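Colleague: Next one to model:
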Amino acid sequence: MTLRRVNVVILVLLSIAFLIIVHRNLLNLSDFLRQDNSDVAPGMILPFETGFFSDRKVRTGAEIPVVITAAEERLGAAVAAMNSVNQNSRASVVFSIVTLNESVEHLRTWLSKTDIRHKIITFEPKILEGKISQDPQKADLVKPLSFARFYMPMFLPDAEKAIYLDDDVIVQGDIQELFDTSLKPGHAAAFSEDCDSASSKGIVRGAGNQNSYIGFLDFKKEAIKKLGLRANTCSFNPGVIVANLTEWKHQNITRQLEQWMERNVREDLYGKTLADTFITPPLLIVFYKHHSSIDPMWHVRHLGATGAGNRYSPQFVKAAKLLHWNGHFKPWGRTSSFSDVWDKWYIPDPTGKFHPIRRHSGDK
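Modeller: Numbers count the residues shown, from 1 in each chain. Sure thing, here's the model as predicted:
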């Protein structure tokens, strides 16, 4: 056999070995994302994201995994939130950004202009079939990505602990402090209770019981009665979650949440006071008196409510570690309070598709 033929054979063998390795890696990735008792995985991780390894800042400590969603019409919000975390933290933060297929390229382009370490996960809405109402009157209120927080262990199969953030937040403290929140033994998550001293004054008056269970669940329904929940129990806000993913998986929290979603479709168990709330009720049931607490200054809420500018002083807002514009008025919109704080962290969209709406001097 000539030397030329030997080289050809070696190249063929190397090519076959490479293809076998790629095939095995793809199978392993599929195994990670496959759910028990389901034919549909909640999402797919896209490898080799632009900028994933880029970082111009010296970071310390172990990686902190943060999950955030990025809807097409709110990409600017997610980018601003991530930028605030990235700039204010000395820790090595890696974002798992959950989005829909339609937004992947837009998000990639935007983040390529930053040093935000990230991976993009495409969410599969089919996972929600049979779990959310098909009522056409509620269709516009149900946002598939809102349920991504229920599936955190699927997106982070190797992580023991993680943080979830809504996209309408700005982080002003070092997120290492939030990540170090102590969870009690047996608790799979920590939340901020709606009765805590920092944010309770921001609750919208006259809009129902937004700080207790009765505002989220229909206590006239037999299934709710049987649970033995106290209607006046303080509720919590799931816009910021510190999760013990090991405990989450051990208790099968995701499946518990799905079961209550399915029961609600059949029995209409959620309260009518907060008609646009679909995320909080199943969490309140599953984590009833079985969750830890987040420092109130790490989740100052209701900045998106009417009159938030009168409830919080500029000094208090500046001192807060994390600000949350939950409510109808978002900081990228015309009528939001404290939008100047949000503006500091906004990174302009290189494609020009997303623009914050701002009141001009000529507006009345």
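
Colleague: ok, Val85 touching Val171?
Modeller: Yes: the criterion here is CB atoms under 8 Å, and Val85 meets it with Val171 at 4.6 Å. In this view, the C-beta of every residue, glycine as well, is placed from N, C-alpha and C.

Colleague: what touches both of these two?
Modeller: The contact sets of Val85 and Val171 overlap at Leu165 (CB atoms under 8 Å, 6 or more residues apart in numbering).

Colleague: can you list the weak-confidence ranges in the stretch 1-150 of the chain?
Modeller: 1-14, 17-41, 45-61, 136-141 (pLDDT under 70).

Colleague: which residues sit in contact with the residue most central in space within the chain?
Modeller: For the chain, Ile68 is the residue whose C-alpha lies nearest the centre (CA atoms, centre = their mean; 3.8 Å). Residues near Ile68 by CB under 8 Å, 6+ apart: Ala78, Ala81, Met82, Phe95, Ser96, Ile97, Val98, Tyr164, Leu165, Asp166, Asp167.

Colleague: if you look at these, which of them are in strands?
Modeller: Within the contacts of Ile68, membership in strands is found for Phe95, Ser96, Ile97, Val98, Tyr164, Leu165, as judged by DSSP state E.

Colleague: Generate CSV for those, with neighbour count and distance to Trp325 as supplementary columns.
Modeller: Shown next, in CSV, are these (neighbours: other CB atoms under 10 Å; distance: CB to CB, whole Å):
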residue, neighbour count, distance to Trp325
Phe95, 26, 19
Ser96, 22, 22
Ile97, 28, 19
Val98, 26, 20
Tyr164, 22, 16
Leu165, 27, 12
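
Colleague: which one among those gets closest to Arg117?
Modeller: Distance to Arg117 across the ones in strands among the contacts of Ile68 (CB to CB) is lowest for Phe95, with 6.9 Å.

Colleague: Do I have it right that that closest one meets Ile120?
Modeller: No: contact criterion CB under 8 Å: Phe95 and Ile120 do not qualify, at 9.2 Å.

Colleague: how distant is the host helix or strand of Ile64 from the center of its chain?
Modeller: Element membership for Ile64, per DSSP states H and E: strand 60-69. Strand 60-69 sits 12 Å away from the centroid of its parent chain (CA atoms, centre = their mean, to the nearest Å).

Colleague: Adjacent strands (with direction) for that strand?
Modeller: Its sheet considered, strand 60-69 pairs with strand 91-99 (parallel), strand 161-165 (parallel) by DSSP bridges.

Colleague: quick revisit: among the ones in strands among the contacts of Ile68, which one sits closest to Glu193?
Modeller: Nearest to Glu193 among these is Tyr164, at 16.6 Å by CB to CB.

Colleague: Grab the nearest non-local neighbour of that closest one.
Modeller: Ile241 (4.1 Å; CB to CB, 6 or more residues apart in numbering).

Colleague: helix, strand or coil for that neighbour?
Modeller: strand (DSSP: H, G, I helix; E, B strand; the rest coil).

Colleague: wait, isn't it in contact with Phe191?
Modeller: Yes: applying CB under 8 Å, one finds Ile241 in contact with Phe191, separated by 6.2 Å.

Colleague: before we move on, the earlier item: which positions in the strand holding Ile64 come out as buried?
Modeller: By neighbour count on 16 or more other CB atoms under 10 Å, the buried set for strand 60-69 is Ile64, Pro65, Val66, Val67, Ile68, Thr69.
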